[in-house]
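In: no sequence on this one, just coordinates:
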């Protein structure tokens, strides 16, 4: 009886942690779009450069909240 109760409690806790820690795809996409807009404006304002975001990576919120944007600069500075 104790083993069944312990198993049920652990399963409930595991389900709760997994269910609450993941972020939906729509939420991730909204965060990526906002971050892309803000970072593009920041680079343009402070560095006078244009860049294109090629990909992104969002860490699981249960670990830590980080967003990685991978990009490259399109402004040609070879003439300087």
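Out: Structure's in. What do you need? Quick caveat, the model's predicted, so the values are computed rather than measured.
In: Doesn't residue 8 lie inside a helix?
Out: Yes. Counting by DSSP: H, G, I helix; E, B strand; the rest coil, residue 8 is part of a helix.
In: Strands along this protein, start to end?
Out: Taking DSSP state E as the test, the strands found in the chain are 51-58, 67-73.
In: May I see the ones you listed organised as CSV, with mean neighbour count added?
Out: Any C-beta I mention is one placed from the backbone N, CA and C, and that applies to glycine too. Conversion of the strands of the chain to CSV gives the following (neighbours: other C-beta atoms under 10 Å):
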stretch, mean neighbour count
strand 51-58, 13
strand 67-73, 12
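In: Show me the one of those strands that comes nearest residue 5.
Out: strand 51-58 (37.2 Å; C-beta to C-beta).
In: residues touching the closest residue to residue 35 other than its chain neighbours, list them.
Out: Among residues not flanking residue 35 along the chain, residue 67 sits closest, at 5.5 Å (C-beta to C-beta, 6 or more residues apart in numbering). Shown in contact with residue 67 (C-beta atoms under 8 Å, 6 or more residues apart in numbering): 31, 32, 35, 56, 57, 58, 59.
In: repeat that with 10 Å
Out: 28, 31, 32, 34, 35, 36, 39, 56, 57, 58, 59 (C-beta atoms under 10 Å, 6 or more residues apart in numbering).
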